[in-house]
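**Student:** Give me a model of this one.
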Amino acid sequence: MDFGIVDCPAPYNAILEHPLLALFNGVASSCHQTLKFITLRGIGISRGEASAEARLAKRSRMYNIDVRSEDLTRAEEADVEVHVPLDDQRADRCVRISATLGDELEPLIRLLREFADLFTRSAREIPRVKVEIAEHCLAEANGVRPIQQKRRPISLEKEEALRKEVEKLREAGFVEEAKYTTWLSNVVLVPKASGEWRMCVDYTSLNRVSSTDAYPMPRIDQLVDVTAYHEVLSFLDMFSG
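**Tutor:** Residues are numbered from 1 along each chain as shown. Reported below is the predicted structural model:
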């Protein structure tokens with residue numbers, strides 16, 4: 001039996017997993033705090049002690065574990081990129097294209113310049129969708145009392161990142177301040193591989209009282225079949241979200 005050694009403070013001396021329990025035919029009951037196992041003289045019983053559990057709980061501590069690694073190295077891009085201006089009058093409107101496309105490079109540049117009005121450099125330039133075209137309303141259950149989640153404390157680093165993300169959304173016109181709101185949800189910051197923070201919102205309280213949209217996920221073989229007989233496969237993705 002192999003044991004793994006973890007160099008960190010812990011209230012327990014060892015943690016037994018299922019392979020070890022199966023080795024000596026042990027059966028554990030979390031409800032009764034009892035472990036039974038087979039011995040040469042019969043069934044052995046090991047019972048937990050309430051006083052020991054209280055001491056372990058008092059010794060336990062919560063540590064702020066950051067999944068980001070300080071020595072994280074990212075792979076460098078192998079392709080050589082060329083900057084192609086879409087508008088001769090605006091030097092900031094450029095796109096980056098791989099220089100290894102060969103004969104496909106020039107036709108692609110002409111195509112991008114032909115539809116240059118479809119590209120924007122900031123969220124302010126994105127035209128707003130009219131309400132008559134598309135509008136999404138949440139369907140709440142009748143008689144549901146609005147839920148205000150309690151504010152969760154965050155560190156100074158997360159608070160600074162949160163202010164920057166909210167300011168970006170406010171300047172783009174995607175969000176606006178609500179002075180008298182009935183629903184409140186906490187913001188959750190998730191670390192990215194690049195070391196930055198991704199802002200998410202905890203909508204668990206709202207999801208519990210919202211109607212569920214039954215949308216089956218497509219199968220991978222169906223997605224592959226849909227791409228058949230197409231010459232170009234787009235890898236366009238959202239910039240942030």
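
**Student:** what's the domain layout of this structure?
**Tutor:** Taking automatic domain parsing as the reference, the chain has its domains at 1-63, 140-241.

**Student:** Mind putting the ones you listed into TSV with distance to residue 123 and mean pLDDT?
**Tutor:** Placement of C-beta: from N, CA and C, glycine included. As requested, the domains of the chain are exported to TSV (distance: least, Cβ to Cβ, whole Å; pLDDT from 0 to 100):
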stretch	distance to residue 123	mean pLDDT
domain 1-63	38	75
domain 140-241	3	84
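
**Student:** As TSV, those with mean neighbour count and distance to residue 95 would be great.
**Tutor:** Output for these, formatted as TSV (neighbours: other Cβ atoms under 10 Å; distance: least, Cβ to Cβ, whole Å):
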stretch	mean neighbour count	distance to residue 95
domain 1-63	10	45
domain 140-241	10	12
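
**Student:** between those domains, which gets nearest to residue 86?
**Tutor:** Judged by Cβ to Cβ, the one of the domains of the chain that comes nearest to residue 86 is domain 140-241, at 15.9 Å.

**Student:** want to throw the domains of the chain into TSV with distance to residue 119?
**Tutor:** Shown next, in TSV, are the domains of the chain (distance: least, Cβ to Cβ, whole Å):
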stretch	distance to residue 119
domain 1-63	46
domain 140-241	11
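
**Student:** Determine which residue lies closest to the centroid of this protein.
**Tutor:** Closest to where the C-alpha atoms of the chain average out (Cα atoms, centre = their mean) is residue 190, at 6.2 Å.

**Student:** Now do the contacts for the closest residue to that one other than its chain neighbours.
**Tutor:** Using Cβ to Cβ, 6 or more residues apart in numbering and skipping the chain neighbours, the partner closest in space to residue 190 is residue 198 (4.6 Å). Residue 198 sits next to 189-192 when contact means Cβ atoms under 8 Å, 6 or more residues apart in numbering.

**Student:** Follow the chain on from the lengthiest strand in the chain and name the next helix or strand.
**Tutor:** When the chain is parsed with DSSP state E, its longest strand is strand 90-98. Per DSSP states H and E, the first helix or strand lying C-terminal to strand 90-98 is helix 105-114.

**Student:** Check the offset of that following helix from the chain's centre.
**Tutor:** Put simply, helix 105-114 sits 35 Å off its chain's centre (Cα atoms, centre = their mean, to the nearest Å).

**Student:** Can you name the element that comes right after it?
**Tutor:** Where DSSP H and E defines the elements, the next helix or strand beyond helix 105-114 is helix 156-172.
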